[in-house]
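Colleague: A structural model of the following input is requested.
(2 chains)
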Number of protein chains: 2
Amino acid sequence: MHINSNYKNISETYLFSEIAQRVKKFSEQNPDAQIIRMGIGDVTRPLCSSAVNALKKAADEMGTKDGFKGYGPEQGYDFLKQALADYYKTTSGVALELDEIFVSDGAKSDLGNILDIFSDDNVVAVTDPVYPVYVDTNTMAGRKIVYLPANKDNGFLPMPSPDLEADIIYLCSPNNPTGAAYTKDQLKVWIDYALSRDAVILFDCAYEAFVTDPKVPRSIFAVEGAKKCAIEFCSFSKTAGFTGTRCGYTVVPNDLIREGMKLQKMWLRRQTTKFNGVSYPVQCAAAACLSKTGLEEIASNLEYYKYNADVITSTFDELGWPYTGGKNSPYVWVKCPDGLSSWDFFDALLTKANVVGTPGAGFGQNGEGFLRLTSFNTHGNTMEAMRRIKEVFK
Amino acid sequence: MHINSNYKNISETYLFSEIAQRVKKFSEQNPDAQIIRMGIGDVTRPLCSSAVNALKKAADEMGTKDGFKGYGPEQGYDFLKQALADYYKTTSGVALELDEIFVSDGAKSDLGNILDIFSDDNVVAVTDPVYPVYVDTNTMAGRKIVYLPANKDNGFLPMPSPDLEADIIYLCSPNNPTGAAYTKDQLKVWIDYALSRDAVILFDCAYEAFVTDPKVPRSIFAVEGAKKCAIEFCSFSKTAGFTGTRCGYTVVPNDLIREGMKLQKMWLRRQTTKFNGVSYPVQCAAAACLSKTGLEEIASNLEYYKYNADVITSTFDELGWPYTGGKNSPYVWVKCPDGLSSWDFFDALLTKANVVGTPGAGFGQNGEGFLRLTSFNTHGNTMEAMRRIKEVFK
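Modeller: Model prediction:
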């Protein structure tokens, strides 16, 4: 019996436990401090009425002889896949076949599980800073990982360098943690790179609903050539507040073929073998969010967060602090003032303004000197946090 | 870019599509035939009221500012893990720590995903006939598979032979497809075997709720030594009719250590990296099924299916047809009469009695000459099917 020894190579992430520990200590020493948490990556607005009603209606159905649903299609019900196809058409002008859409319990699951269909000898390219899941999932499989520096010189949007030899490329746009977002022209360069060497782009667009800039595509498939080289991952988590309700979707185009195999067919086989579909009531709730009323309701939640992002970025504009994100993203990635390190700025924010951020260094070495704030708190807290920051750092 | 070429070695399963095709053809030629489907492995009774109400209550909570739940613990909420620990205590006398219990979206997902923590060079033992998922998931990883013949000589319960060299052993008890169930003494032999060579038993007890024989344990952890060599997979699918609602659980004991690594810690790392937890409303529904009222309600559904199983087995007793299962299982695995092959008996049943079963040969070469019927249809259909079978085959 041998275990998968690659697990020994996964570095423990102490980022969020270290943050928790420092906040706890400060809180104990300053019991009256009104701490505002701006580090959270989780949504806070309640589920919209359309989703709640759909969940309840489906629950009632499941309790009747005629409405009961047993095993559904592993890749999702057609009613939801059709709603997603319509959503792609409306938001991005992208036409998808229903069998290219795979409904799942979330983008994180699919981003990890998709690796099943690739050989372990592929070279994987990720950005630095990076969402740690891309690194950990590939380390578990023993794949070689190369890092693409994301820094102020490239606007935190690395492009393929002439010497890059990557087989699988992760692009997250709008980006977690930097909030930077690739334009159509920039993505075209990546697509051409991937096509030139039969690489595959894993495109994480979990934050697509926050895009406002018309030059930034909400789907990589809005860019020519992508259907021959990209797989796209998205979810209802940030769009419709499904972080605790769990529903995502992955698009594997029928035109994506490598070594004579349709990746759509491989992923279908993976999912039918190792997955049994998403809860029927949850799929009903997800589809309800894409109805006319549902879309209006989730738009209002998105506006709420976007308003917070505006409050944050206008504060940084006022202070003259350079940042990325906030415009097409719930994340604001700000340069620490006065040449402070990520953790020193974290401590200064915590102790002087009682505001908690996420140190950029926790996402990779190029994150050093930066800090991430999110727009997922309330209006009141966001405004109060910015008032304090201005007072302390002006 | 290389794909995972092991996918080329997965055999396409035509079993259920072949069945569908033959039924369709017969149906077209005999439009008046009242076909009764006894091949289905899916439950049919509606979700119990406790589950429906819990789903609806949780949906309402999610729609409020204070009740909203975002990301939950990847391994499940404590309220559900505690309910499961209590269930283990009551049904099997097994004491579990909460961190040994992992809530998931279903046993099929976990049975596939657990393989992430094992090296690809392990030798895997499965029974023949077998639930195809065990074979396909290991074929995808390129592992060597050895088959343990399950036949009438061993009561469809293979035991370790002296020359068996296996690192990972799948045991499904009560078994799909044969309905045979290991006694405590038999499992002890397997546990001793696994301990003697540091192997790991993957124990699938999805049908534990059907066990009535006190000699048959409902959890492998009811048998001494199992916590040092076994991982157990179970779900609410068959117990509480959750095939479309999706909730399962996996137990990785803290005492299970291989090559110096706690498998509990490895699985925790796997799940926190590639999974984001089960939908909160679904976890509430699952916990409600384990409440006092919920347990009474699901017991009544189980009784319904058990009654059907009795109808089937008493018919076969009457006809003098040898079978396994039906007693501790929703499946009845019957020897085809008159030396018929699986498919010939399937055709005879279909054309003469208008009853659909599942040919045993579809589950492996030792399944040849057998057929699987399930107790998941209605009382009326089950009785009518048995009436016809007696009439045709008496």
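Colleague: care to break chain A down by domain?
Modeller: A:5-46+A:294-393, A:63-290 (automatic domain parsing).
Colleague: Please name every helix or strand in contact with the lowest-mean-pLDDT helix or strand in chain A.
Modeller: Sorting the helices and strands of chain A by mean pLDDT, DSSP states H and E puts helix A:15-29 at the bottom, at a mean of 93. Under the contact definition 3 or more C-beta pairs under 8 Å, 6 or more residues apart in numbering or on different chains; DSSP states H and E, helix A:15-29 sits against helix A:342-348, strand A:358-359. Using the backbone N, CA and C atoms, a C-beta is placed for each residue, glycine as well.
Colleague: Other residues contacting it?
Modeller: Helix A:15-29 is contacted by residues A:33, A:35, A:37, A:39, A:346-347, A:350-351, A:356, A:358-359, A:362-363 when judged by C-beta atoms under 8 Å, 6 or more residues apart in numbering or on different chains.
Colleague: still on that earlier bit, mind putting the helices and strands packed on helix A:15-29 in JSON lines, mean neighbour count included?
Modeller: JSON lines is the format used below for those (neighbours: other C-beta atoms under 10 Å in any protein chain shown):
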{"stretch": "helix A:342-348", "mean neighbour count": "19"}
{"stretch": "strand A:358-359", "mean neighbour count": "26"}
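Colleague: For chain B, find the nearest of the ones you listed.
Modeller: Chain B lies closest, by C-beta to the nearest C-beta, to one member of those: strand A:358-359, at 14.9 Å.
Colleague: ok, that closest one near chain B or not?
Modeller: No: residues of strand A:358-359 contacting chain B under C-beta under 8 Å from any C-beta of the partner chain: none, with a closest distance of 14.9 Å.
Colleague: What average pLDDT does that strand get?
Modeller: Across strand A:358-359, pLDDT averages out at 97.
Colleague: After that strand, which helix or strand is next?
Modeller: As assigned by DSSP states H and E, the chain's next helix or strand after strand A:358-359 is strand A:370-374.
Colleague: just to confirm, which helix or strand has the residue of the stretch 101-250 of chain A at minimum distance from chain B in it?
Modeller: In the stretch 101-250 of chain A, the residue that lies nearest chain B is residue A:112 (3.1 Å; C-beta to the nearest C-beta). Counting by DSSP H and E, the secondary-structure element that holds residue A:112 is helix A:107-113.
Colleague: Could you list the buried residues of that helix?
Modeller: For helix A:107-113, burial by neighbour count (16 or more other C-beta atoms under 10 Å in any protein chain shown) applies to A:107, A:108, A:109, A:110, A:111, A:112, A:113.
Colleague: likewise stretch A:380-394?
Modeller: Result for stretch A:380-394 [16+ other C-beta under 10 Å]: buried residues A:381, A:382, A:383, A:384, A:385, A:386, A:388, A:389, A:393.
Colleague: And chain B, is it touching that?
Modeller: No: contact of stretch A:380-394 with chain B (C-beta under 8 Å from any C-beta) is absent, the minimum separation being 12.5 Å.
Colleague: and what of stretch A:76-87?
Modeller: No: Stretch A:76-87 is not in contact with chain B by C-beta under 8 Å from any C-beta; minimum separation 10.0 Å.
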